[in-house]
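> fold the following.
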Amino acid sequence: MNHPGPVEVKPIPLFSLEFDRSDREAADAVLESGWMTAGARVASFEADFGRALGADQVVALSSCTAALHLALAIYDVGPGDEVVVPALTFVAAANMVVARGAIPVFADVLSLEEPNIDPHSVEQVLTERTKAVIPVHYAGYPCRMDELRDVAEGAGMVVIEDSAHACITQTKAGACGTLSDAGTFSFFSNKNLAIGEGGALVVRDEDRANRARLLRSHGMTHQTLDRHRGHAYSYDVTEAGFNYRWDELRAAVGMHRLSRLPGALGRRSDLAREYRARLSELAPGVTIPFGSDTESVPAHIFPILLPPGSSRDSVMGHMREQGIQTSIHYPLIPAFRGYRLDPVGEWGVAGEYCERVVTLPFYPEMTDDDVSRVATELGRCLR
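Residues are numbered from 1 along each chain as shown. Have a look, this model is predicted:
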């Protein structure tokens with residue numbers, strides 16, 4: 001008797017990046033043009049992205065990390081200055097503060113249900129050396145920007161939004177990343193506007209934006225394209241800068257993906273609603289941050305909190321065995337060896353959040369059946 005082999009289980013990755021024919025045609029056109037580095041397509045992307053955000057000054061860059069670095073640079077954050085960063089975020093913001101010779105100071109988040117930076121915690125850690133605050137729109141959900149701006153205004157601080165998770169996310173006051181002095185964006189492979197690599201800096205002040213444009217290419221007054229076209233034969237260097245240029249290939253693909261972004265963001269909102277419904281039914285012990293009043297927000301990731309006392313390693317191991325990829329967003333920054341300042345147990349809400357969080361698969365191409373399968377397996381391993 002022939003016995004059937006094991007049933008092949010469809011893997012569900014944490015995220016998926018799919019390109020269509022128009023993306024490939026855009027990339028081919030760049031290759032045929034013979035010009036790859038920053039040029040007309042990068043400028044066109046900046047204009048399109050600015051229109052989508054409602055922003056006048058957009059500087060396309062090689063990454064969101066570069067955008068954070070330049071944002072700190074154009075506001076002259078330097079040695080001895082302090083910059084407030086949420087303890088719960090990706091380490092890039094803290095790293096760029098250190099790269100400027102400044103000191104990252106960590107603030108707590110509001111609650112397990114609203115894990116964005118707490119304006120009151122920001123206020124508590126201010127000193128006379130505090131120069132800036134970097135609120136992060138965690139998971140794509142807007143921070144309490146009105147309260148943060150009030151705190152910043154009272155302290156004379158610069159506000160630099162980290163909008164890596166909140167690309168074209170709208171609030172009543174405007175798009176995330178345009179609600180303060182500067183905003184930074186990511187086009188990394190798992191982001192809402194996923195291009196592979198790249199980022200952007202949005203700046204309200206035109207003079208500072210122009211300074212960022214100089215700094216992204218070594219501080220040179222004339223770029224390579226100007227010299228290639230014969231518009232300039234030499235250049236001056238106004239100050240020491242960096243190589244943070246973006247390229248024509250990703251800009252061309254990015255314009256096509258940007259045109260399709262509204263549909264992808266709508267699907268993300270639908271998926272978040274489906275997750276909440278299925279988890280409530282199949283895994284009722286978990287906590288889902290950001291309540292139903294945020295259902296229209298196009299989330300970037302879908303984090304949940306395991307019940308207290310659960311073994312996260314066991315849960316993630318079970319999900320992996322079922323072909324479902326999970327992750328952790330994020331380990332606590334103050335717990336890293338390079339940043340450890342206090343015992344992790346003293347890090348309040350952020351400390352507890354980081355011990356219990358698991359990130360579930362989340363991307364526009366997911367099906368409702370995929371969501372049900374993830375919720376079913378999560379509930380099964382928590383029983």
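
> for the helix or strand hosting residue 52, list every residue counted as buried.
Using DSSP states H and E, residue 52 sits in helix 40-53. Using 16 or more other CB atoms under 10 Å as the test for burial, helix 40-53 gives 41-42, 44-46, 48-50, 52-53. Where C-beta positions appear, they are placed from N, C-alpha and C, glycine not excepted.

> what does stretch 108-116 give?
108-110, 114-116.

> looking at those, which are in strands?
Counting by DSSP state E, no part of these is found in strands.

> where do the helices sit along the stretch 251-383 of the chain?
For the stretch 251-383 of the chain, helices defined by DSSP state H, counting those that start in this stretch occupy the ranges 312-321, 348-356, 368-382.

> quick one: average confidence on the first one?
Per-residue pLDDT over helix 312-321 has a mean of 97.

> what's in contact with that helix?
306, 325-326, 328, 355-356, 358, 374, 377-378, 380-382 (CB atoms under 8 Å, 6 or more residues apart in numbering).

> tell me the secondary structure of residue 159, please.
strand (DSSP: H, G, I helix; E, B strand; the rest coil).

> pretty sure it sits against residue 181.
Yes - the pair residue 159 / residue 181 is scored as a contact, 5.3 Å apart, by CB atoms under 8 Å.

> helices along the stretch 51-200 of the chain, start to end?
Ranges of helices within the stretch 51-200 of the chain are 64-74, 92-99, 119-124, 145-155, based on DSSP H, counting those that start in this stretch.

> same list (those) but as JSON lines, adding distance to residue 188.
What follows is these, written out as JSON lines (distance: least, CB to CB, whole Å):
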{"stretch": "helix 64-74", "distance to residue 188": "7"}
{"stretch": "helix 92-99", "distance to residue 188": "10"}
{"stretch": "helix 119-124", "distance to residue 188": "27"}
{"stretch": "helix 145-155", "distance to residue 188": "23"}
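
> could I get those as JSON lines with mean neighbour count, distance to residue 192 and mean pLDDT?
Conversion of these to JSON lines gives the following (neighbours: other CB atoms under 10 Å; distance: least, CB to CB, whole Å; pLDDT from 0 to 100):
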{"stretch": "helix 64-74", "mean neighbour count": "27", "distance to residue 192": "12", "mean pLDDT": "98"}
{"stretch": "helix 92-99", "mean neighbour count": "21", "distance to residue 192": "17", "mean pLDDT": "97"}
{"stretch": "helix 119-124", "mean neighbour count": "18", "distance to residue 192": "25", "mean pLDDT": "97"}
{"stretch": "helix 145-155", "mean neighbour count": "17", "distance to residue 192": "19", "mean pLDDT": "98"}
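
> nearest to residue 296, out of these?
Closest to residue 296 of the helices of the stretch 51-200 of the chain, according to CB to CB: helix 145-155, at 17.4 Å.
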